[in-house]
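Asks: here is my input; please provide its structure:
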Amino acid sequence: MKNRLTVLLRTVGAILVIQPSCWPGVASAELGVQVGDPVIVYGASSELWHGGPLLQLKDGSLWMGGAENSLRSKDRGVTWMTQPPLSGHVLQRRDGSFFLLDGRTRPTQRAGVFAGKRRILKRLEDLESPASPQPRWDDVELSVPEWAPMTGDDAKTKVETLTISGPMLELADGTLLAGNYGNFAGDKVPMEGFVASKGEKWFKYRTYLLASTDGGSRWNYLSTVAYDGKTGQESFCEPGLVDLGSGELLAVMRTGRFGPMCQARSMDGGKSWGKPESLRTLGLAPQLALLPNGILVCSFGWRPTKNQVVGGGRPAEQALADYRKRYQAEVGIDDPSAAAGDYVMASADKGRSWTKPKRIAAPLTVGYTYLAPNGQDSCLILTQKIFIPGEPEASVLEKWKLDWIRWRDLAKRILEARQITIRR
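Replies: So this is what the prediction gives:
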C-alpha cells in the first residue's frame, strides 16, 4: 500500500505587491504574489532529495522522481503519495509518453563520444504494477567533440566521462534538448577559491546544449549557451531552461557561490544565443516555469558562507572575497550570508525584466528548489530545509559556519512545499 502523505496548503491572506527590480530592460508591470505557508511534503531524511525535476503532467497531477522514492500529487499538491523510485532526467513528451535519460555515461573508444541509456514509458503507472512488463533501458550515443575531463568538488573524484545535468525540453518540431555544463578543450581559466594542487584542475564552466532529432537515440552538441572565462567564481553552470514559444528559449544560470545569476536568450530554438546578462542577484540552480497566464517564474536559493576546506583552500571564503571585490556593488548586498535562503521572482515579459526577488524560506536551506505550475496563475515550489533534531535554528547556522564537519552526520532534511499565486 502506498504511503500517503497529507499536505494542507494554507495561503496567507494578504497579496504582496513586488516592485520591479533594477535589472536592465523594459519595466515589468506590478505583480500580485500570494505565498502559501510552508508544509512538509517528505521528511525527515538524512540525505538530500536526489531527484527531480518537479513536473506538472498532462493530467494535471504533479510528479517528481527520486533515487529512493518518487512523489506524486493528484490534487495540485494538497496530498502526496510515494511511488517507486525513478531517477534520471525525466520529460513528459507532447504525445503523453515519458522519456528518461540517465545522467551517467561511459566513454567509448572514440574521443568525444559517450554511451548512455534512455527509457521510454507510455505511462508512469507501468512502474507501479509488478505484473506490468518493465520498459527496458536502451543504449544511446552522445557526441560532444570538445568535452574535457574535470575534477569533482571533493578534490578526489576524477570526472572522466560525460555527466548530463539537465534540464530537458521537447520543442514543437519534436527536437529534444538537454542542458549541461562542464569544460571543453581550451577552457583553462582557474576558478576563484579552488586551488589546484596535486594534479587537481578546477576551470571555469561553460553551459551548453545537447540535441536529439531522432527521439533520443543519438545526441549531439548543439551550442554553447554561455562562456567567457570571467564571470563568477565557477562561471556558467546549473542552468534552468524554458521554451517561450516560436523558437524563443531562455536560460538562467548559476555562476558561483557568490556570483550573480546570468541569463541568455535564443531566438532560433537554441542554435545560437545572445550575450549573457547579469540578473544582479545571487542564486543556485535556478528553476524556470511558464504559467498558463503567461507569467514566467524563477525559483532559486543560496546558502550562507561555510568554513569548508577543499584541496588546501577555503573556496567559500575566497568566493566571498571575490564577491566583495567584483559583485557587491552590482548585487547590492553587504553580507550575502545574511540574505541566504530560497527565493522566487517573476516576469510579465518573458524575462526581459523581473520582479524583485522575494525570500520564501529562510536559512538554513540547501538552496536547491523544485518548481512546477499547478494552476492557471499558480505554481508549487519545493525547498529542502536543513535541521539538527533538538537544535534551534540559530545554533544550526552557527555550526554550519564554524564546525559543520563535526555535525553534518546528525543533520536531516525536510522537503517543504509552498504554493505561489501570481497575478497581473
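
Asks: would you check how far apart residue 242 and residue 295 are?
Replies: Per C-beta to C-beta, to the nearest Å, residue 242 is found 12 Å from residue 295. (Glycine included, C-beta is placed from N, CA and C.)

Asks: those two: which has the busier surroundings?
Replies: residue 295 (25 against 21; other C-beta atoms under 10 Å).

Asks: excluding chain neighbours, what is closest to the more buried one?
Replies: Nearest-residue entry for residue 295: residue 422, 4.9 Å, with adjacent residues in sequence omitted and distances by C-beta to C-beta, 6 or more residues apart in numbering.

Asks: okay, now that neighbour: neighbour count?
Replies: 24.

Asks: now residue 158
Replies: Using other C-beta under 10 Å, residue 158 has 12 other residues around it.

Asks: before we move on, the earlier item: helix or strand: which one has the residue nearest to residue 295?
Replies: strand 412-423 (DSSP states H and E).

Asks: check residue 43 too.
Replies: strand 39-45.

Asks: who are the packing partners of the helix or strand following that strand?
Replies: Note on strand 39-45: by DSSP H and E, the next helix or strand toward the C-terminus is strand 51-56. Under the contact criterion of 3 or more C-beta pairs under 8 Å, 6 or more residues apart in numbering; DSSP states H and E, strand 51-56 touches strand 62-66, strand 89-92, strand 370-375.

Asks: for the helix or strand following the shortest one, packing partners?
Replies: Yep, that's strand 89-92 we're talking about. Using DSSP H and E, the helix or strand that follows strand 89-92 in sequence is strand 98-101. Using 3+ C-beta pairs under 8 Å, 6+ apart as the contact test, the elements touching strand 98-101 are strand 89-92, strand 113-121, strand 168-170.

Asks: tell me which of the ones you listed lies nearest to residue 280.
Replies: For residue 280, the closest of the helices and strands packed on strand 98-101 is strand 168-170, at 26.1 Å, according to C-beta to C-beta.

Asks: got the CA coordinates for the helix or strand just after that closest one in CSV?
Replies: For strand 168-170, the following helix or strand on the C-terminal side (DSSP H and E) is strand 176-184. These are the backbone C-alpha positions of strand 176-184, laid out as CSV (Å, rounded to 0.1, in the frame of the first residue of the first chain):
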residue,chain,number,x,y,z
LEU,A,176,14.8,17.0,-27.6
LEU,A,177,17.2,19.4,-25.8
ALA,A,178,19.3,18.6,-22.7
GLY,A,179,21.1,21.4,-20.8
ASN,A,180,24.6,20.6,-19.5
TYR,A,181,27.7,22.3,-18.1
GLY,A,182,31.4,21.5,-17.8
ASN,A,183,34.7,22.1,-19.6
PHE,A,184,35.7,21.9,-23.2
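
Asks: strand 176-184: which residues count as buried?
Replies: By 16 or more other C-beta atoms under 10 Å, the buried positions in strand 176-184 come out as 176, 177, 178, 179, 180, 181, 182, 183, 184.

Asks: thinking again about what came up before, report pLDDT for the residue nearest to residue 295.
Replies: We note a pLDDT of 95 for residue 422 in this prediction.

Asks: residue 216 now?
Replies: Per-residue pLDDT puts residue 216 at 97.

Asks: OK, contacts around it?
Replies: Taking C-beta atoms under 8 Å, 6 or more residues apart in numbering as the criterion, residue 216 is in contact with 99, 101, 118, 120, 140, 176.

Asks: of those residues, buried ones?
Replies: Looks like the contacts of residue 216 have 99, 101, 118, 140, 176 buried, using 16+ other C-beta under 10 Å.

Asks: can you put the residues you listed in JSON lines and add distance to residue 400?
Replies: JSON lines is the format used below for those (distance: C-beta to C-beta, whole Å):
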{"residue": "99", "distance to residue 400": "38"}
{"residue": "101", "distance to residue 400": "34"}
{"residue": "118", "distance to residue 400": "39"}
{"residue": "140", "distance to residue 400": "40"}
{"residue": "176", "distance to residue 400": "39"}
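
Asks: for residue 306, which of the helices and strands packed on strand 98-101 is the nearest?
Replies: Nearest of the helices and strands packed on strand 98-101 to residue 306, taken as C-beta to C-beta: strand 89-92 at 28.6 Å.
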